[in-house]
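Trainee: mind looking at a prediction? Sequence and model below.
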Amino acid sequence: MASKVTLQQALGTDGSDFHHRQKIATHYQTSAINKSRLKYCIFFHYILFFIMLAKLSADILDRLNIFILEIEELQVPQPLWWEYIWCTSLFLSFVGLSAVRKNKIKILQQYMIGIAVLGFGSIVFGFIYYFKDVYEYLSTGNTQDIQMWQELPYGVLWYGFILTASQVHGFTLYFSYNLLVAWQTKRTL
């Protein structure tokens with residue numbers, strides 16, 4: 001049965017000769033997809049860093065003896081050490097991007113360990129630290145015994161940040177793991 005030949009088809013074929021053509025190996029496809037997704041996670045990590053930096057700006061300016069009235073009027077509560085530790089996890093993004101660019105398994109493993117320790121470790125501490133205030137606010141609605149900021153429960157605000165950061169770090173570790181598996185598969189072939 002003859003079919004109509006179009007300009008996209010080679011002469012003498014009806015288009016059913018695609019079975020012999022090469023296909024991209026799945027580990028290359030997996031690598032490309034997860035590299036892109038990991039870069040998005042790193043981008044969201046930067047956004048969260050700038051949010052945290054805005055929160056820490058009052059304390060940083062106080063330590064530098066710089067007085068800005070508008071920031072002082074906000075009366076931002078003093079930061080805890082876990083907030084600064086979480087900020088150091090941003091420097092790991094350069095390690096992660098380097099690993100992605102060069103397909104280096106060892107560097108990606110170091111990135112994953114750093115995110116688990118500095119990223120997840122610090123937000124788990126924040127989760128535990130504010131748990132009592134959040135539980136009391138959500139169970140009783142009482143605002144007398146909990147820390148408030150701008151008439152909002154401070155712990156609940158932090159839980160919003162912690163939830164977002166844990167999702168970003170969780171997806172970061174997931175996509176990094178997928179990259180490790182893809183790169184290790186490539187090495188065994």
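Mentor: Yep, that arrived. These figures come from a predicted structure and were not determined experimentally. Numbering: from 1, shown residues only.
Trainee: tell me the pLDDT of the most centrally placed residue in the chain.
Mentor: Per C-alpha atoms, centre = their mean, the C-alpha nearest to the average position across the chain is that of Val168, at 3.2 Å. On pLDDT, Val168 comes in at 97.
Trainee: make sure it is indeed in a helix.
Mentor: Yes. Counting by DSSP: H, G, I helix; E, B strand; the rest coil, Val168 is located in a helix.
Trainee: just the strands in this structure please.
Mentor: Assigned by DSSP state E, the strands in the chain fall at 148-149, 152-153.
Trainee: hey, least reliable of these by pLDDT?
Mentor: Mean pLDDT across the strands of the chain is lowest at strand 148-149; the value there is a mean of 80.
Trainee: quick one: strands adjacent to that one?
Mentor: strand 152-153 (antiparallel) (DSSP bridges).
Trainee: give me the distance from the strand it pairs with to the chain's centre.
Mentor: From the chain centre to the centre of strand 152-153 is a distance of 26 Å (C-alpha atoms, centre = their mean, to the nearest Å).
Trainee: contacts only, for the residue nearest to the centre of the chain.
Mentor: Taking C-beta atoms under 8 Å, 6 or more residues apart in numbering, we find Val168 in contact with Cys41, Phe44, His45, Leu48. For the C-beta atoms, the positions are set from N, CA and C on the backbone; glycine is no exception.
Trainee: repeat that for 10 Å
Mentor: Taking C-beta atoms under 10 Å, 6 or more residues apart in numbering, we find Val168 in contact with Tyr40, Cys41, Ile42, Phe43, Phe44, His45, Ile47, Leu48, Ile115, Gly119, Ile123.
Trainee: tell me the spacing between it and Phe43.
Mentor: For Val168, the distance to Phe43 equals 9 Å [C-beta to C-beta, to the nearest Å].
Trainee: thought Pro152 was touching Asp133?
Mentor: Just to correct that, residue 152 is Leu rather than Pro. No. Leu152 lies out of contact with Asp133 (C-beta atoms under 10 Å); the separation is 11.7 Å.
Trainee: which of the two has more neighbours?
Mentor: Asp133 (20 against 10; other C-beta atoms under 10 Å).
Trainee: so which of the strands of the chain gets nearest Phe91?
Mentor: Nearest to Phe91, of all these, is strand 148-149, at 28.1 Å by C-beta to C-beta.
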